[in-house]
Structure formats: structure tokens, C-alpha cells
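Visitor: with the sequence up front, the predicted model follows.
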Amino acid sequence: MTLSILTGDTRIVNDTALESFALLPTVVAVVESGNFARAAQALGVNRAAISKRVMQIEASLGVALFERSSRKVALTAAGQVLLQRYRDASATLVAGIDEARTTMSAVKGKVVVSCGSSAAVHVVGPALYSFAAEHPDIHIDLVATQDEPHKVDADIELRVTDAPPLDRSVRMLGTVSWQLCASADYLARFGMPQSAEDLAAHRFVVPPGYDRPAVLEHRTTGHRVTVTPRCPLTSNIHEAIFELVQRGFGIGLLPSYLLFFQRTAQPLQAVLPDWLVSGRPSEALYAIHAPAKFLRASTRAVLDHISALAAGMPKSDGIVVKTGRPAA
């Protein structure tokens, strides 16, 4: 059996050589203590074990490492070369370990954050921009995703879902409520619906799947109404729905964070806030990341900032969409 070690050039190191490398601390102990007996005492073994290890190394390398006499044990020329190389390699390894630990603990470097496009534009982007401005040693790469966020190699993935992955660490940031809303211009032209039944006379722009009959339930009385919305257009891009609703195209179904963070002169208005809309999945917002013990300090700092942002958002805003599952 052999092991390939890539160090600029390709070397093939066999198992015997690797075993010899593992025994080299014995050589160091003999040199530093001056003889086999004191080396055995320092390593907590008997003298015979020290002799056996040294002979094993010499046999595998095919060279003598020590000149033995009745009075002292001295390194041969080959032993001196090997010992110096070993000490150089050990120092390099220790430096590499220190650098690796520094990389993990330093609040600097690149952090990739992925999320849906609407959240990236209205919520996460502005928040992370201000954070990055206060932490000049951190570079944040914000990547917008839509249908397959798991295919993005991100340090932090923000995902609205009711089934977070089981093979990664997750931090629940909160729940996302959903609202029926409309622009002031649309309501001025078509009127504000006063009951769930009134929705049948309106047109909608909603995510795919919500152009079918939907059940609405009054949050106080429990009265249920089935409404078949007129939907000339559907979109899985919340940003597009937001823009169309703002232009007066119709009543939209949007996540509450878009309404909470909207920066428009005429904010959208909630429609029928006392009614629950059934059937919308994915109302928990999660931050998905590597296990906590493997998080770089810079990634942890960004994650904590996002968590603080989520904590400051309203817990419920207008129409909450029921999923039939308990809140996580």
C-alpha cells in the first residue's frame, strides 16, 4: 500500500516510511537526553523499547542514525541531516496549525450569503451593506437564488422552508407571515374588499399554485369561504409581484418582510387582515450553515448580525397563512 502526498511535486511514500516518521520523536529524545536510558525515562518506556524503535527506523531507511560507544551516543552525518529536516518540518507544521487557527478566529475574509432575490434586494442587501461598511476586513458576497438555493456554495444560506435540511446546522430566525395587499391606486379604482366573498370580483397576482380555489378562514369567528381568484399572471419572483401590485395590477400575496421594509412614497395596504389564507407552505425562516464548531469568526459575526435583524422584525404582520403544521 502507498500514499500519494502532493507537495508541489508528486512523491510516493510507502507505509514503512510513514511509520519511520512517526518514530522520529524517539530519535529527538535520544539526542536531547544524551543516551537511550534517559530517553526511555523521558518517554515513559523501557530502554529496550527505545533501542527497538531506533533499529526499526534505521532498518527502514537503510542508514545508521547513531554512532554507538560505551560512553555516549552521537548522531551520524545521516542522522544529523534527518534530525534537522524533521525539526524544520515540525516547525512548518506548527506554523500551519497556528495560521489555520488564526483564520478561524480572525474577523476577516470572504463570507458568501445566499437568499431569495426579493429578500436580497429589500432586506438582506441593505443590512449586510451597512455591516460590511463597519467591518472593512470582511467581504460579503450576496448571491440571489430562487428555486435551487442548495446548489450555491454559501457560508450562510437563508431559506424560507418548513423542512430544513438534516445534514447541516440551522438557526431558526423567525416566521414569515403572508399578506394580501394592494396599492392605493388599485383600491381607489376597484374598492377595498369588505368580505372574503368580495375577493371574487378582484384580480390577483400571486405565486404559482395560488391561482386555484383557496380557502380563507376568519381568525375570530372561524367562518370559512372558498374563493377562486382571477389571476392573469403568476410569478415565483416576489419582487415581480411586489412591482405589479404597486403599479395597480391587482391584489397580491406577499411575504410580510417586503411590506415591512418597503421604501415607497405610497406603501401597499393590507387587504382583509382578519382572514387567514390556508395552504401556503414554508413560513419559517432559517439560516443554514456549517456546524458551529467549524464556523469562521467572520461567518459567525455575519450570522449574528442577520439574527439580530430578524429579531427586530414584527412577529406577525397582517394576514398569516396557515400551513396546518405547528410553528417551529
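Guide: It's in.

Visitor: quick check: next helix or strand after the longest helix along the chain?
Guide: When the chain is parsed with DSSP state H, its longest helix is helix 77-105. Per DSSP states H and E, the first helix or strand lying C-terminal to helix 77-105 is strand 109-116.

Visitor: may I see the buried residues of the longest helix of the chain?
Guide: By 16 or more other Cβ atoms under 10 Å, the buried positions in helix 77-105 come out as 79, 82-83. Every C-beta, even on glycine, is put in place using the N, C-alpha and C of the backbone.

Visitor: redo these as CSV? Include pLDDT and distance to S114.
Guide: Output for the buried residues of helix 77-105, formatted as CSV (pLDDT from 0 to 100; distance: Cβ to Cβ, whole Å):
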residue, pLDDT, distance to S114
G79, 87, 55
L82, 87, 50
L83, 85, 50
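
Visitor: identify, from the residues you listed, the entry nearest to P208.
Guide: P208 lies nearest to L82 out of those, by Cβ to Cβ, at 68.7 Å.

Visitor: please name the residues that touch that closest one.
Guide: Residues near L82 by Cβ atoms under 8 Å, 6 or more residues apart in numbering: 24, 27, 61, 65.

Visitor: repeat the analysis, applying 7 Å as the threshold.
Guide: Neighbouring residues of L82 by Cβ atoms under 7 Å, 6 or more residues apart in numbering: L65.

Visitor: again, but for V302
Guide: Contacts of V302 by Cβ under 7 Å, 6+ apart are 111, 113, 131, 140, 156.

Visitor: spell out the secondary structure type for it.
Guide: Following DSSP: H, G, I helix; E, B strand; the rest coil, V302 is assigned to helix.

Visitor: wait, a strand at L199?
Guide: No. Checked against three-state DSSP, L199 lies outside a strand; its state is helix.

Visitor: gap between the nearest residue to it once chain neighbours are set aside and V277?
Guide: Among residues not flanking L199 along the chain, V227 sits closest, at 4.7 Å (Cβ to Cβ, 6 or more residues apart in numbering). Distance, V227 to V277, by Cβ to Cβ, to the nearest Å: 9 Å.
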